[in-house]
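Participant: I'll drop the sequence and a predicted model, then ask my questions.
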Amino acid sequence: MPIDLLPSILAADFSRLGEEVKAAERGGGSAIHIDVMDGHFVPNLTFGPALVKAIRKYTTLPFDCHMMVQRPDDFVPAFADAGVNWMSIHYEVCPHLHRSLQLIRDHGMEPAVVINPATAVDLLIPILPMVHHVLVMSVNPGFGGQRFIPYTLTKIRRLKELRQNMGLTFRIEVDGGVDRDTVASVVDAGAEMLVAGTAVFNGNGVEKEAQALLDLARKADPAA
C-alpha cells in the first residue's frame, strides 16, 4: 500500500488555517487530519463541525477526523454534513462499537477505529472487516508534541499480520510523535498512513517540512 502523509492541523497556525491546509497539500499531504476533542475523554478542547465546514473550501483532500470524544455517535451527523470523509472512533469509549461504525458508514463516511497505547490490538479482530483503517495512537491522546512510545511498533506489526492472515484490506495509520527521527521505524513496522503535526507545522515552512518527512517515509518503505 502507498505511504501517505496526513498533516494534523492541531499544530497549525489557527489564525491562518486555510493557508496552512493549502500548504500541507502542496507538500504532498494525501488527507488532512482533524483532531476533535471534547474535554471529557481527553483534557483538551479543539475543533467543532463549524470550523471543519469553514476549511472545507480550501482543499479537495479527504478530511480524516479523529474523534477523541466520550459520545462519538452524537457528533456523526454534524461532522458528516461539514464535509468529513473518514471518521475514526476510540475502542475505549464505544460500548456498541459495531453499531457506531455502521452509523458512520450510514452517514456516507468511511469508518475507522482507534486504540490507545495500552489497548491490545487483538480486541479489534471482530470489527476489522468493516473498517477503512485502524489508527494506532503512539502517544496518549489529548495533546500534540509528545514523544513517540516505542512499544507501539509491536502493535503496528501485529495489525499487519492480522490483515494478511484475515485477507483484509484495511489500512494502518499511526499518530503521535511521528517525525524525522521516528518515521523510518514506523514505516518499517507496517504503517502506511502517517499523521504528523509538529513535524510539519513547526514554523520552518509547511510545504517544505511536509515534503521532507514524506520523502524520508517513502525511502524507508520496504516495498519501494
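Facilitator: Thanks, I have it.
Participant: What residue in the chain is the furthest from its centre?
Facilitator: Ranked by distance from the centre of the chain (C-alpha atoms, centre = their mean), the top residue is residue 165, with 23.8 Å.
Participant: pLDDT score assigned to that one?
Facilitator: Residue 165 carries a pLDDT value of 98.
Participant: Equivalent analysis for residue 145, please.
Facilitator: So, for residue 145, pLDDT stands at 71.
Participant: before we move on, the earlier item: how about residues contacting the helix or strand harbouring the residue farthest from the centre of the chain?
Facilitator: Element membership of residue 165, judged by DSSP states H and E, is helix 152-166. The contact list for helix 152-166 (C-beta atoms under 8 Å, 6 or more residues apart in numbering) reads 115, 117, 121-122, 125, 128-129, 134, 136-138, 168-170, 172, 174, 176, 185-186, 189-191. Glycine gets a C-beta too; all of them are placed from N, C-alpha and C.
Participant: what pairs with the helix or strand just after that helix, and is each one parallel or antiparallel?
Facilitator: Sequence order places strand 171-175 as the next helix or strand after helix 152-166, per DSSP H and E. Paired strands of strand 171-175, with direction, are strand 133-137 (parallel), strand 193-196 (parallel) (DSSP bridges).
Participant: Enumerate the positions of the following helix or strand past the shortest one that are buried.
Facilitator: Spelled out, it's strand 193-196. Next along the chain after strand 193-196, taking DSSP H and E as the criterion, comes helix 206-220. Residues 206-207, 209-214, 216-218 are the ones in helix 206-220 that count as buried (16 or more other C-beta atoms under 10 Å).
Participant: what do you get for stretch 198-208?
Facilitator: Within stretch 198-208, the residues that count as buried by 16+ other C-beta under 10 Å are 198-201, 206-207.
Participant: What separation do you get for residue 5 and residue 200?
Facilitator: Plainly put, residue 5 is 8 Å away from residue 200 if you go by C-beta to C-beta, to the nearest Å.
Participant: Mind putting the strands paired with strand 171-175 into a markdown table with mean neighbour count and distance to residue 21?
Facilitator: A markdown table is the format used below for the strands paired with strand 171-175 (neighbours: other C-beta atoms under 10 Å; distance: least, C-beta to C-beta, whole Å):
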| stretch | mean neighbour count | distance to residue 21 |
| --- | --- | --- |
| strand 133-137 | 26 | 20 |
| strand 193-196 | 27 | 14 |
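Participant: would you turn those strands into JSON lines with distance to residue 104 and mean pLDDT?
Facilitator: Formatted as JSON lines, the strands paired with strand 171-175 follow (distance: least, C-beta to C-beta, whole Å; pLDDT from 0 to 100):
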{"stretch": "strand 133-137", "distance to residue 104": "12", "mean pLDDT": "98"}
{"stretch": "strand 193-196", "distance to residue 104": "17", "mean pLDDT": "97"}
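Participant: got JSON lines for those strands, with distance to residue 64 too?
Facilitator: Shown next, in JSON lines, are those (distance: least, C-beta to C-beta, whole Å):
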{"stretch": "strand 133-137", "distance to residue 64": "9"}
{"stretch": "strand 193-196", "distance to residue 64": "8"}
